[in-house]
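Visitor: I need the structure of the sequence given here:
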Amino acid sequence: MVELLQADGIDISMTDVENVKPEGATLGRPHLADALVAKSIVPSRDVAFEKYLHNDSKYYVSHMAPTPLEAIKLIKAAGGVSIIAHAFSSFRGERLDNDFFQPLVAAGLNAIEVDHRDHNPTERNILRNIAQDLALCVTGSSDYHGDGKLNLLGENTTAPEQWERLESLANARRVINE
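Guide: Next comes the predicted model:
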């Protein structure tokens, strides 16, 4: 992605990206966004994603990732619970439709993230109904990845009864309750 940006005359380098990446973090687009902000190419991380780093951007380079079905199988094999995140994310990325969920449930999907900043109230209601119809847990998330985004830590959370239900579905429970 850095090379594609450079080819269009945008003054950014891997060194710039590495310089803003916190120690121990896995390098990703948020760090490229932070480097664009640090160099005053864009005013914020959100603008970097809107202008340069979104999935349909000419600068976007995909990475190898399992399909949702493969991911669910891997999660189940590891004893975990699977949750589809921001499925109706109408503000960014690919939006999943209602028919998408049935094969995931058959593969072992446990929950749908409903309460997320990228879901408007109508979408939240639709997702809540889908979760109820498919007997899935409902989760919420701030999608907080550190400073630089509008997301606030804890702005959306999972209800305690939903958390307990999810935790009970894990085969290899390792949750520590204080």
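Visitor: where does residue 114 land in three-state SS?
Guide: Following DSSP: H, G, I helix; E, B strand; the rest coil, the label given to residue 114 is strand.
Visitor: ok, it to residue 16 distance?
Guide: 37 Å (Cβ to Cβ, to the nearest Å). (Each C-beta comes from the backbone N, C-alpha and C, glycine too.)
Visitor: who has more neighbours, those two?
Guide: Comparing residue 114 with residue 16 by other Cβ atoms under 10 Å, the one with more neighbours is residue 114, at 27 against 18.
Visitor: distance of the more buried one relative to residue 23?
Guide: With Cβ to Cβ as the criterion, residue 114 and residue 23 are 34 Å apart.
Visitor: and the top helix by length along the chain, what other elements does it pack with?
Guide: Counting residues, the longest helix found in the chain (DSSP state H) is helix 121-133. The contact analysis (3 or more Cβ pairs under 8 Å, 6 or more residues apart in numbering; DSSP states H and E) places helix 121-133 against strand 111-115, strand 137-140.
Visitor: CA atoms only: put it into CSV for me.
Guide: The C-alpha trace of helix 121-133 is given here as CSV (Å, rounded to 0.1, in the frame of the first residue of the first chain):
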residue,chain,number,x,y,z
PRO,A,121,-30.7,2.1,14.7
THR,A,122,-32.6,0.3,11.9
GLU,A,123,-29.7,-2.0,11.2
ARG,A,124,-29.3,-2.8,14.9
ASN,A,125,-33.0,-3.8,15.1
ILE,A,126,-32.7,-6.0,12.0
LEU,A,127,-29.6,-7.7,13.4
ARG,A,128,-31.2,-8.2,16.8
ASN,A,129,-34.2,-9.9,15.1
ILE,A,130,-31.8,-12.1,13.0
ALA,A,131,-30.0,-13.1,16.2
GLN,A,132,-33.2,-13.9,18.0
ASP,A,133,-34.6,-15.9,15.0
